[in-house]
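>>> for reference, the sequence and a predicted model appear below.
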Amino acid sequence: MRIDLVTLFPAMFAGVFGSSIIGRAVQRGLIDIHYTDFRDYAADKHHHVDDTPCGGGAGMVLKPEPLYAAVRDVYGKTAAYAEHRCTIIFDPAGEVFTQRAAKELASYEQLVLICGHYEGFDARIYDLADRLISVGDFVLTGGEIPAMLTVDATARMLPGVLGDAASAATDSFFDGLLGYPQYTHPRDFEGKAVPDVLLSGNHAEIARWRREQALLTTLRHRPELLARVTLSQADRDFLEQQTKTKENKEFLRESPENAIMDSI
């Protein structure tokens, strides 16, 4: 996959994309990352990329000319990707980024990520985007951190990026649920033991336990996610039993039991 980051601060990405899983994927040629500083495309001698908002108001707004010129230059250099490209702007009005979105983005051959700054974009810039994405209901200084997050989550979905292809399938949110608890050695640590089922060698029982623990973790901490997951009858029976226990009722005190069960 080719990833083009259109940004005023390309140096911000060096540490993140030069390390760990992403860094190794780049070294192995699984991801090809390019940076375009759209300040280089400003027409005036001072390389202004922003201006005061028409009608007045606080802050500065990104001008359309430099960004259009930068993105069009990227498109011109990567014409071979035109049919398999997705251009993204990070914006509070966008869809909330999820694991499902990461899977969808991984199906493209090229991502062009436009990172804003200051008080936002001139509204005409949005015509460049195929997709608007928000990473949450909070304010950041610019789009660079959301871009890092998006690249990291998407890259994990690409074949060969993870050392063990099965790792992605056990991640939280991969199938809509939170992840199940993981254990390693020693068998007993300060009186806290690894569950016997994980040491039993019975793979069917281990799979069942992990599924139930993922359901239980999701029920306790993000019960609203259960309404979006395809549940088997066994899943439903397990959840119904769990909502009746005293311990779980305490977890669910802010979400009435009937409302949760009705939603699934």
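Yep, that arrived. Numbers count the residues shown, from 1 in each chain.

>>> what's in contact with stretch 10-29?
5, 7, 31-33, 35-37, 144, 147-148, 151-152, 155-156, 158, 160-162 (Cβ atoms under 8 Å, 6 or more residues apart in numbering). Heads up, the C-betas are built off the backbone N, CA and C, glycines and all.

>>> among those, the buried ones, what's the ChimeraX command?
Here is the ChimeraX command that selects only those of the contacts of stretch 10-29 that count as buried (16 or more other Cβ atoms under 10 Å):
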select :5,7,31,33,35,36,37,144,147,148,151,155,156,158,161,162
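
>>> give the other helices and strands that the helix with the most length in the chain contacts.
Identified as the longest helix of the chain according to DSSP state H is helix 203-221. If you count contacts as 3 or more Cβ pairs under 8 Å, 6 or more residues apart in numbering; DSSP states H and E, helix 203-221 packs onto helix 233-242, helix 246-251.

>>> circling back to that earlier point, of the contacts of stretch 10-29, which belong to helices?
144, 147, 148, 151, 152, 155.

>>> ok, of the helices and strands packed on helix 203-221, where does mean pLDDT dip lowest?
Mean pLDDT across those is lowest at helix 246-251; the value there is a mean of 72.

>>> still on that earlier bit, for the helices and strands packed on helix 203-221, which one sits closest to residue 220?
helix 246-251 (4.2 Å; Cβ to Cβ).

>>> packing partners for that closest one?
helix 203-221.

>>> buried residues in the helix it packs on?
209, 210, 211, 212, 213, 214, 215, 216, 217, 218, 219.

>>> before we move on, what about stretch 187-202?
Going by 16+ other Cβ under 10 Å, stretch 187-202 has these buried residues: residue 198.

>>> which residues touch that stretch?
Residues contacting stretch 187-202 (Cβ under 8 Å, 6+ apart): 183, 185, 205, 206, 209.

>>> need the pLDDT of the nearest residue to the last one once chain neighbours are set aside.
If I follow you right, that is residue 209. Spatial nearest neighbour of residue 209, excluding adjacent residues (Cβ to Cβ, 6 or more residues apart in numbering): residue 197 at 4.7 Å. With respect to pLDDT, residue 197 scores 94.

>>> what mean pLDDT does the longest helix of the chain get?
On average, helix 203-221 scores 93.

>>> relative to helix 233-242, how tilted is it?
With axes from the mean of the first three to the mean of the last three Cα atoms, to 10 degrees applied, the angle from helix 203-221 to helix 233-242 works out at 50 degrees.

>>> residue 91: which of the helices and strands packed on helix 203-221 is closest?
helix 246-251 (34.5 Å).

>>> contacts for the closest one?
Applying Cβ under 8 Å, 6+ apart, the external contacts of helix 246-251 come out as 216, 219, 220, 221, 242, 243, 257.

>>> state the phi and psi torsions of the residue lying closest to residue 41 once chain neighbours are set aside.
Using Cβ to Cβ, 6+ apart and skipping the chain neighbours, the partner closest in space to residue 41 is residue 69 (3.9 Å). The phi/psi pair for residue 69 (degrees, to the nearest 10) reads phi -60, psi -40.

>>> and residue 69, how many neighbours?
Residue 69 has 16 neighbouring residues, counting by other Cβ atoms under 10 Å.

>>> pLDDT weak spots in the stretch 101-250 of the chain?
163-174 (pLDDT under 70).

>>> can I get the longest helix of the chain in PDB, CA atoms only?
Presented in PDB, the C-alpha positions along helix 203-221 are these (Å, rounded to 0.1, in the frame of the first residue of the first chain):
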ATOM      1  CA  HIS A 203      -8.600 -26.200  22.200                       C
ATOM      2  CA  ALA A 204     -12.400 -26.300  21.800                       C
ATOM      3  CA  GLU A 205     -12.800 -25.400  25.500                       C
ATOM      4  CA  ILE A 206     -10.100 -22.700  25.200                       C
ATOM      5  CA  ALA A 207     -11.900 -21.200  22.200                       C
ATOM      6  CA  ARG A 208     -15.200 -21.300  24.100                       C
ATOM      7  CA  TRP A 209     -13.700 -19.700  27.200                       C
ATOM      8  CA  ARG A 210     -12.100 -16.900  25.100                       C
ATOM      9  CA  ARG A 211     -15.300 -16.200  23.300                       C
ATOM     10  CA  GLU A 212     -17.200 -16.000  26.600                       C
ATOM     11  CA  GLN A 213     -14.600 -13.800  28.200                       C
ATOM     12  CA  ALA A 214     -14.700 -11.400  25.200                       C
ATOM     13  CA  LEU A 215     -18.500 -11.200  25.600                       C
ATOM     14  CA  LEU A 216     -18.200 -10.700  29.300                       C
ATOM     15  CA  THR A 217     -15.600  -7.900  29.000                       C
ATOM     16  CA  THR A 218     -17.700  -6.200  26.400                       C
ATOM     17  CA  LEU A 219     -20.800  -6.500  28.500                       C
ATOM     18  CA  ARG A 220     -19.100  -5.000  31.500                       C
ATOM     19  CA  HIS A 221     -17.300  -2.100  29.800                       C
END
